[in-house]
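Student: need a structure here:
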Amino acid sequence: MNSTTQARVQIQHSPTLNTVLMVEQTLRDSKEVIKISELKRRLPRKVMHATLLEILNYLQESGKILITTKGVVWTYTSGDLMNKLKKGGLEL
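Tutor: This is a model prediction of the structure:
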């Protein structure tokens with residue numbers, strides 16, 4: 001590999017499980033739509049922007065968050081909470 005090829009290679013930063021869990025907890029605790037810049041400020045540790053975007057992409061694909069034009073919002077509900085909601089609802 002020559003120096004020109006090395007300059008073009010970008011290292012992809014893969015998030016650790018601890019980082020993913022930290023972002024999940026921060027989003028879950030916000031309970032409102034939050035901008036990505038505000039999310040970065042609220043995180044207890046700094047996270048590279050590319051890594052954060054990769055985490056957000058994963059969370060959106062897994063159905064835990066929605067990314068809108070106004071920001072990011074936590075949408076996932078646990079099975080226990082969902083069962084409570086079903087018991088109080090109407091059967092159609």
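
Student: which residues touch the residue most central in space within the chain?
Tutor: Centroid check for the chain by C-alpha atoms, centre = their mean gives L56 as the closest residue, at 3.4 Å. Counting by C-beta atoms under 8 Å, 6 or more residues apart in numbering, L56 touches V23, I36, I65, I67, V72. Using the backbone N, CA and C atoms, a C-beta is placed for each residue, glycine as well.

Student: looking at those residues, which is nearest L17?
Tutor: Among the contacts of L56, V23 lies closest to L17 (C-beta to C-beta), at 11.0 Å.

Student: all helices of the protein, in order?
Tutor: Taking DSSP state H to define them, one finds helices in the chain at 3-8, 17-30, 36-42, 49-61, 79-88.

Student: hmm, back to that, quick one: buried ones out of the contacts of L56?
Tutor: Neighbour-count burial (16 or more other C-beta atoms under 10 Å) applied to the contacts of L56 gives V23, I65, V72.

Student: make TSV out of those residues and add distance to T51 and pLDDT.
Tutor: Formatted as TSV, the buried ones among the contacts of L56 follow (distance: C-beta to C-beta, whole Å; pLDDT from 0 to 100):
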residue	distance to T51	pLDDT
V23	9	97
I65	16	95
V72	15	96
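
Student: between those residues, which is closest to N83?
Tutor: Using C-beta to C-beta, the buried ones among the contacts of L56 come closest to N83 at I65, 21.9 Å.

Student: so what pairs up with that closest one in the strands?
Tutor: Here I65 sits in beta bridges with W74, going by DSSP bridges.

Student: my read: it touches Y58, true?
Tutor: No: contact criterion C-beta atoms under 8 Å: I65 and Y58 do not qualify, at 9.5 Å.

Student: that'll do, ta.
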